[in-house]
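K.L.:
Based on what follows, work out the 3D shape:
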Amino acid sequence: MKIRTHLFHETSHSPSLIDLVGVDEARTIEDFCFIANPYYPTPEMMQQLVDRFPVLIKSYPSSNPALAAARLGQVLRVDPDNLIVGNGASELITTMCDVIDSVAVPVPTFGEYLEKMSPDRLWTYPLSADDGYQLDLDAYLSWVLKEGAHAALVINPGNPTGQVFSTAEMEEFLQRAHRLDLVIVDESFIDFAGEEVPSLLPIADRYSNLIIVRSMSKHCGVPGLRLGYCYTKNPYVLSRLRRSLPTWNINTVAEYFLEMLTNTEAEYHDSRLRVMRDVQSLYEQLRRLEGFSVYPTGANFVLVRIDGAYTARDLQMALLGGYRLYVRDCTNKVGMDDRHIRIATQGLEADRRLINALTELSAQPARVLELAGAL
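P.N.:
Numbering: from 1, shown residues only. The predicted structure is shown next:
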């Protein structure tokens, strides 16, 4: 198997498997970088999309963004007038960065928030490896106010740590942050944080400086459709974002998928609860392995620190070349060392294959270096 390893140096994200090894090889590899719900859309929904694809691909998407917002607002049970649907959360993050004067960002974090904001308007708040890269909301806000940033970002649950804050903790933070122009709360993984989803959406209208950002790739399992949304009651931010987005920013297949959500809520909630059970099982199995330290998680992935004599890149390459398993090397995340991998659950059977591989490799560390060196 030929791996285009140079691609790892050309992005702050994980190169896609297709880019790394080609379409045919990618089909034979289990992708644990893929942070998405493996159980949704259901097979029946996928068949519906396939059946309607010939019509959808030949049709223009709507030029009225209020229609997509109305469909999604019905599912989320929020005011659609405060909702903006984007071509993935990344489009909305990029647009927001043009609206904000300055923003504080804890690191390590999701790279888009660092890359789309100009350095002179970006305040980075380093999290300590000794504290497991855990964010203390009180200390963070005190620092933000002292530094004079106009906005602050909190990702809940955190990426890549999986650290989760309760609704009460987030409300306390928002009340103390009332002097900030904007508080950005990224909830892309929040649906996996509890049976009762601890989202701020039900109370978002109480805070005029709050903007919630969510990627639908993760909880809905549709990264290829490029769907995300933001919700805020702030009229200035809503106006600026709407003016900045193109007329046809989401495609017809994505629009049709939004229609499907209203009739598949039960299936969706069944799928996310199943993911939560899977990730808990994965977490418990990882904890039993020698040579690794495992972070508690409220997301659909687990962050793992390597305690052995090899790096995250070594382990990533050993798993890819020797076992056809692809995990996320977090070394290129700003503020993180070279000893962390992130593993997104891909279902019990696939997770078991990964655990078996890690069990073998943890028993013979030299094998990791041997496999990694062969690529």
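
K.L.:
Tell me which stretches of the protein form strands.
P.N.:
30-31, 83-86, 103-107, 122-126, 151-155, 182-186, 210-215, 228-232, 292-294, 301-306, 325-326, 328-329, 340-344 (DSSP state E).

K.L.:
can you give me how far the first one is from the chain middle?
P.N.:
Its chain's C-alpha centre lies 17 Å from the corresponding centre of strand 30-31 when counted by C-alpha atoms, centre = their mean, to the nearest Å.

K.L.:
For it, give me every contacting residue.
P.N.:
L17, R324, L325, Y326, Q346, A350, R353, L354 (C-beta atoms under 8 Å, 6 or more residues apart in numbering). Placement of C-beta: from N, CA and C, glycine included.

K.L.:
Please tabulate the strands of the chain in CSV, including the columns mean neighbour count.
P.N.:
Output for those, formatted as CSV (neighbours: other C-beta atoms under 10 Å):
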stretch, mean neighbour count
strand 30-31, 20
strand 83-86, 26
strand 103-107, 23
strand 122-126, 17
strand 151-155, 26
strand 182-186, 25
strand 210-215, 25
strand 228-232, 24
strand 292-294, 17
strand 301-306, 24
strand 325-326, 23
strand 328-329, 24
strand 340-344, 25
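
K.L.:
could you dump those to a markdown table with mean pLDDT?
P.N.:
Shown next, in a markdown table, are the strands of the chain (pLDDT from 0 to 100):
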| stretch | mean pLDDT |
| --- | --- |
| strand 30-31 | 95 |
| strand 83-86 | 96 |
| strand 103-107 | 96 |
| strand 122-126 | 95 |
| strand 151-155 | 97 |
| strand 182-186 | 97 |
| strand 210-215 | 97 |
| strand 228-232 | 97 |
| strand 292-294 | 97 |
| strand 301-306 | 98 |
| strand 325-326 | 97 |
| strand 328-329 | 96 |
| strand 340-344 | 97 |
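
K.L.:
Nearest to A68, out of those?
P.N.:
Minimum separation from A68 across the strands of the chain (C-beta to C-beta) falls at strand 83-86, 4.5 Å.

K.L.:
In PDB, list the C-alpha atoms belonging to the closest one.
P.N.:
C-alpha atoms of strand 83-86 as PDB (Å, rounded to 0.1, in the frame of the first residue of the first chain):
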ATOM      1  CA  LEU A  83     -31.000  30.400  12.600                       C
ATOM      2  CA  ILE A  84     -28.500  30.400   9.700                       C
ATOM      3  CA  VAL A  85     -27.700  27.200   7.800                       C
ATOM      4  CA  GLY A  86     -24.300  27.000   6.300                       C
END
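
K.L.:
Please verify my assumption that M170 contacts V154.
P.N.:
Yes - at 7.3 Å, M170 counts as touching V154 under the criterion of C-beta atoms under 8 Å.

K.L.:
joint contacts of these two?
P.N.:
V185.

K.L.:
Okay, now the unreliable bits of the stretch 1-150 of the chain?
P.N.:
Along the stretch 1-150 of the chain, no part satisfies pLDDT under 70.

K.L.:
Tell me how far the closest residue in space to F34 that isn't next to it in sequence lies from L371.
P.N.:
Spatial nearest neighbour of F34, chain neighbours left out: A344 (5.9 Å); criterion: C-beta to C-beta, 6 or more residues apart in numbering. Separation of A344 from L371 (C-beta to C-beta, to the nearest Å): 22 Å.

K.L.:
And H269, how far from Y40?
P.N.:
Taken as C-beta to C-beta, the span from H269 to Y40 is 10 Å.

K.L.:
if you count what's nearby, which of those two comes out ahead?
P.N.:
Between H269 and Y40, counted using other C-beta atoms under 10 Å, the more crowded position is Y40 (21 against 14).

K.L.:
surely L273 meets E196?
P.N.:
No - the pair L273 and E196 does not pass the contact test of C-beta under 8 Å, sitting 11.1 Å apart.

K.L.:
Looking at these two, which is more packed in?
P.N.:
More crowded of L273 and E196, by other C-beta under 10 Å: L273, with 14 against 7.

K.L.:
how about the helices in the stretch 51-200 of the chain?
P.N.:
Along the stretch 51-200 of the chain, counting by DSSP state H, counting those that start in this stretch, helices occupy 65-76, 89-99, 112-115, 137-147, 167-176.

K.L.:
Let me know the angle separating the longest one from strand 210-215.
P.N.:
Right, the one you point to is helix 65-76. If you take axes from the mean of the first three to the mean of the last three C-alpha atoms, to 10 degrees, helix 65-76 sits at 90 degrees to strand 210-215.

K.L.:
for helix 65-76, packing partners?
P.N.:
Counting contacts by 3 or more C-beta pairs under 8 Å, 6 or more residues apart in numbering; DSSP states H and E, helix 65-76 is packed against strand 83-86, helix 252-261.

K.L.:
Buried residues in that helix, which are they?
P.N.:
P65, L67, A68, A69, R71, L72, G73, L76 (16 or more other C-beta atoms under 10 Å).

K.L.:
residues contacting Y113?
P.N.:
Y113 neighbours (C-beta under 8 Å, 6+ apart): I93, C97, V103, V105, L153, D186.
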